[in-house]
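# With the sequence up front, the predicted model follows.
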Amino acid sequence: MTQAETVLKAEDIHKSFGHLEVLKGISLEANKHDVISILGSSGSGKSTFLRCLNFLETPTSGKVTVQGEEVIVRNGKPQNARHIESIRSRLGMVFQQFNLWTHRTVLENVMEGPIQVKRVAKAEARDKAEALLKRVGLEDRMQMYPSQLSGGQQQRVAIARALAMEPDAILFDEPTSALDPELVGEVLKVMQSLAAEGRTMIVVTHEMGFARDVSSEVVFLHEGRIAEQGPPEEMFTNPKTEEFKRFISKVS
């Protein structure tokens, strides 16, 4: 059996805001093709942890390694900050609120990153963006602006934009929580197809069906720590901690 290739590794991540310690030493490893769902109540540290992985938030301490590039943080100061840009370029990010450029068309939104960051030729970026928008079912919306789209369509543009950068892993921060209930399914369907393709994904979510049916691993955060972790079939049928039992009884 071949050894799994580690794409992303977080070691002992701590994060404090002033006197409030939000993350209390979280370690996580994502191998190629893993789909890891991160669950937890509001305030458990899920989104903060995700943002620490690509340094949208700088951890107070800990270490993040992506495909061999590592950044060690001590006392809130990255020891090798020059690797941060490289780590960011290897991790796609899909936000809760889409974060699209409102003054650019759907096509331009997807083209922008490869042109500006990767210096891809405009014609090549356009071809790739068109293929990706087709991939997420938006080939007929390319010349529209974000304000002309539904929330579900905007989130699918955001996914195409993340894919355009050819990331080693994609981080999803509650990608369906800002959507009307009837639009959630179209975004989850795209995410499910990405998982089936073998994309490495780390997903902060409250969609229990996705966590149970699509994930290779589920991580449950409670008060800034990993309280429970394992394959979804095991965790949902036989939860080991009282905290996770309480959590799933509330959300299911």
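Alright, I've got the coordinates. Numbering: from 1, shown residues only.

# Low-confidence ranges, the protein, go.
The chain contains residues with pLDDT under 70 at 1-3, 252.

# just the helices in it please.
Taking DSSP state H as the criterion, the chain carries its helices at 46-53, 82-90, 106-116, 122-135, 151-164, 181-197, 208-213, 232-237, 242-251.

# CSV for the ones you listed, including distance to F172?
For the C-beta atoms, the positions are set from N, CA and C on the backbone; glycine is no exception. Shown next, in CSV, are the helices of the chain (distance: least, CB to CB, whole Å):
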stretch, distance to F172
helix 46-53, 8
helix 82-90, 16
helix 106-116, 17
helix 122-135, 16
helix 151-164, 8
helix 181-197, 7
helix 208-213, 10
helix 232-237, 16
helix 242-251, 18
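
# For the stretch 1-150 of the chain, which segments count as strands?
Listed in chain order, the strands found in the stretch 1-150 of the chain under DSSP state E, counting those that start in this stretch are 6-17, 20-31, 35-40, 61-66, 69-74, 77-78, 91-94.

# Next, format those strands as JSON lines and append distance to V120 and mean neighbour count.
Shown next, in JSON lines, are these (distance: least, CB to CB, whole Å; neighbours: other CB atoms under 10 Å):
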{"stretch": "strand 6-17", "distance to V120": "22", "mean neighbour count": "18"}
{"stretch": "strand 20-31", "distance to V120": "26", "mean neighbour count": "17"}
{"stretch": "strand 35-40", "distance to V120": "27", "mean neighbour count": "25"}
{"stretch": "strand 61-66", "distance to V120": "21", "mean neighbour count": "20"}
{"stretch": "strand 69-74", "distance to V120": "21", "mean neighbour count": "17"}
{"stretch": "strand 77-78", "distance to V120": "28", "mean neighbour count": "14"}
{"stretch": "strand 91-94", "distance to V120": "15", "mean neighbour count": "24"}
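
# Make TSV out of those strands and add distance to V136.
Output for those, formatted as TSV (distance: least, CB to CB, whole Å):
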stretch	distance to V136
strand 6-17	22
strand 20-31	23
strand 35-40	17
strand 61-66	24
strand 69-74	28
strand 77-78	34
strand 91-94	11
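
# How about D173: which residues does it bridge to?
For D173, the beta-bridge partners are V204 (DSSP bridges).

# Neighbours of it, how many?
20 (other CB atoms under 10 Å).

# Excluding chain neighbours, give the residue nearest to S44 in space.
Closest residue to S44 apart from its sequence neighbours, by CB to CB, 6 or more residues apart in numbering: L221 at 4.3 Å.

# Show the contacting residues for that neighbour.
Contacts for L221 (CB atoms under 8 Å, 6 or more residues apart in numbering) come out as 26, 38-40, 44-46, 49, 227.

# now do 6 Å
40, 44-46 (CB atoms under 6 Å, 6 or more residues apart in numbering).

# And it, how close does it get to L194?
Plainly put, L221 is 23 Å away from L194 if you go by CB to CB, to the nearest Å.

# do the same with H206
Going from H206 to L194 by CB to CB gives 19 Å.

# Those two: who's more crowded?
A count of neighbours by other CB under 10 Å puts L194 above the other of H206 and L194, at 21 against 16.

# For G113, see how far away the more buried one is.
For L194, the distance to G113 (CB to CB) stands at 17 Å.

# Contact partners for the most centrally placed residue in the chain?
Closest to where the C-alpha atoms of the chain average out (CA atoms, centre = their mean) is L171, at 1.4 Å. By CB under 6 Å, 6+ apart, the residues touching L171 are 50, 91, 93, 202.

# I figured the first one hits D173, correct?
This points to L50. Yes: here L50 reaches D173: they are 5.2 Å apart, a contact under CB atoms under 6 Å.
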